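> What follows is a protein structure lacking sequence information:
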């Protein structure tokens, strides 16, 4: 399976994601020419080589009407860890009093204004849809932060076109690269505080924190804003799952550099390659109980399967003070772990859960139907590793057996003939 892994050990921003993905292309220069022909008003993409901690990568910036983003002097700017992310400090509700006293100096763009720009771009309908979906995530977060409806959220023009440039570039790149699965690492968001038009805010900024709900993130020891709302929204929208790097055969690696220098390489790293469809990493959760009835354990198992567990099984064990107990073992995808843990604590009496990360190998499976004298019977075909296995669906055999007053063994003998 074609898989893209995005390493966010130093956070993420739109320009860094753009640069990291561009490095995965065979002809990146041609693609940048394509970006510059999309028709984003006043925007020109610029690619520059950048070295961080001895690693060579790409830094992407844009010029707006001939000026590099960030060169403008305005009261809304604030310190950034990365070069040109101006989404959350430029989003305001329409009642915000203009600090310059000149309403004409900074034009405000609404989501409908941004959509009008995106609709006019020379990109596919899918990319347009993706761009607006990402922007809707940002607008929803800003709406929550400001306590205003999404329709009242506006973006200052000085931060609009460069943000559109970043979001459009990433969406377009992912259409070109077309990975079947996108795995994103836990996101380093930085720490401390950041200055903005509203005052001094904690890191991650409120909009970023809202977007990254239910996403694994951590603070780390670096002071500053490492993940911006634009970066967060792009990752949240496109990620198939969040977690550790899967077992994969990597054939392309990209480094997208930020502007600032740290003791750690300030970059987003992307890896493109293939994962084995028959091998995947899963999480094993296990816990002991000695005060649940069999019916209660059965109910808990049902809720765990409904929550998406791959397998749930029990083992009889002897516990402290010679009490008989039950070891409950749960297998689930790493991306489902937090949800499954909540289900376990809600539906069992355990007060502690053990976790192991394991790999499993599976055969490729598909369902076929066989016509017999007793009716149609579905069967599962499992193939791989030089073997083929066939198993008839129990529900179909059981229904035929009941309808014909036969045993399942009799039905199976007739079906197999």
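Noted; the coordinates are in hand. None of these values were measured; they are calculated from a predicted model.

> Contacts only, for residue 2.
By CB atoms under 8 Å, 6 or more residues apart in numbering, the residues touching residue 2 are 178, 179, 180, 181, 272, 273, 274. Every C-beta, even on glycine, is put in place using the N, C-alpha and C of the backbone.

> The same query, at a cut-off of 6 Å, please.
Going by CB atoms under 6 Å, 6 or more residues apart in numbering, residue 2 touches 179, 180.

> Okay, and the beta partners of it?
Residue 2 has the following beta-bridge partners by DSSP bridges: residue 274.

> now it: how far from residue 24?
11 Å (CB to CB, to the nearest Å).

> And residue 375, by the same measure?
When distance is defined by CB to CB, residue 375 is 52 Å away from residue 24.

> Neighbour count: the two, which is higher?
With neighbours defined as other CB atoms under 10 Å, residue 375 and residue 24 compare such that residue 24 has more, 19 against 14.

> Return the backbone torsion pair for the more buried one.
Phi and psi for residue 24, reported as degrees, to the nearest 10, are phi -90, psi -10.

> I figured it hits residue 271, correct?
No: if you go by CB atoms under 6 Å, residue 24 and residue 271 don't touch, sitting 8.6 Å apart.

> Strands of the stretch 301-417 of the chain, start to end?
Secondary structure of the stretch 301-417 of the chain, counting by DSSP state E, counting those that start in this stretch: strands at 311-318, 324-333, 354-361, 364-372, 375-384, 387-392.

> buried sites along the fifth one?
Using 16 or more other CB atoms under 10 Å as the burial criterion, the residues of strand 375-384 that qualify are 377, 379.

> Could you tell me which other helices and strands that strand packs against?
Applying 3 or more CB pairs under 6 Å, 6 or more residues apart in numbering; DSSP states H and E, one finds that strand 375-384 contacts strand 364-372, strand 387-392, helix 394-403.

> Then the second one?
Here strand 324-333 is seen to pack against strand 279-289, strand 311-318 when contacts are counted using 3+ CB pairs under 6 Å, 6+ apart.

> Looking at the ones you listed, which is nearest to residue 254?
strand 279-289 (22.9 Å; CB to CB).

> what inclination does that closest one have with respect to strand 354-361?
Here the directions of strand 279-289 and strand 354-361 differ by 150 degrees (axes from the mean of the first three to the mean of the last three CA atoms, to 10 degrees).

> buried ones in strand 279-289?
280, 281, 282, 283, 285, 286, 287, 288, 289.

> Dump the helices and strands packed on strand 375-384 into a markdown table; add mean pLDDT as well.
Below are those laid out as a markdown table (pLDDT from 0 to 100):
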| stretch | mean pLDDT |
| --- | --- |
| strand 364-372 | 90 |
| strand 387-392 | 93 |
| helix 394-403 | 93 |
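
> of the buried residues of strand 279-289, the lowest pLDDT goes to which?
For the buried residues of strand 279-289, the weakest pLDDT value sits at residue 280, with 67.

> Residue 275: neighbour count?
19.

> now swap in residue 346 and tell me
10.

> Quick check: the gap between the residue lying closest to it once chain neighbours are set aside and residue 141.
In space, and not counting its chain neighbours, residue 346 is closest to residue 303: 8.0 Å by CB to CB, 6 or more residues apart in numbering. Distance check for residue 303 against residue 141: by CB to CB, it reads 31 Å.

> between these two, who's got more neighbours?
residue 141 (28 against 16).

> Could you say which helix or strand holds the more buried one?
helix 125-146 (DSSP states H and E).

> tell me the contacts of the residue nearest to residue 53 when sequence neighbours are not counted?
In this structure, residue 53 finds its nearest non-sequential neighbour in residue 265, 4.1 Å apart by CB to CB, 6+ apart. Contacts for residue 265 were tallied using CB under 6 Å, 6+ apart; they are 52, 53, 55.

> Would you reformat those as CSV and include secondary structure, pLDDT and neighbour count?
Shown next, in CSV, are the contacts of residue 265 (DSSP: H, G, I helix; E, B strand; the rest coil; pLDDT from 0 to 100; neighbours: other CB atoms under 10 Å):
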residue, secondary structure, pLDDT, neighbour count
52, strand, 93, 20
53, coil, 93, 11
55, strand, 94, 13
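
> out of those, who's nearest residue 168?
residue 52 (25.3 Å).

> Spatially nearest residue to the closest one, not counting backbone neighbours?
Nearest one to residue 52, counting by CB to CB, 6+ apart, is residue 265 at 4.3 Å.

> Confirm that that neighbour sits in a strand.
No: counting by DSSP: H, G, I helix; E, B strand; the rest coil, residue 265 falls outside a strand, being coil.

> okay, it: pLDDT?
92.

> and it, how far is that from residue 257?
Taken as CB to CB, the span from residue 265 to residue 257 is 8 Å.

> anything in contact with each of those two?
Common neighbours of residue 265 and residue 257 (CB under 6 Å, 6+ apart) are residue 52.

> What number of residues are in the vicinity of residue 34?
15.

> Now do the same contact list for the residue nearest the centre of the chain.
Nearest to the geometric centre of the chain sits residue 239, at 2.4 Å (CA atoms, centre = their mean). When contacts are counted by CB under 6 Å, 6+ apart, residue 239 is found next to 182, 184.

> what's the distance between it and residue 253?
Residue 239 is 19 Å from residue 253, where distance means CB to CB.
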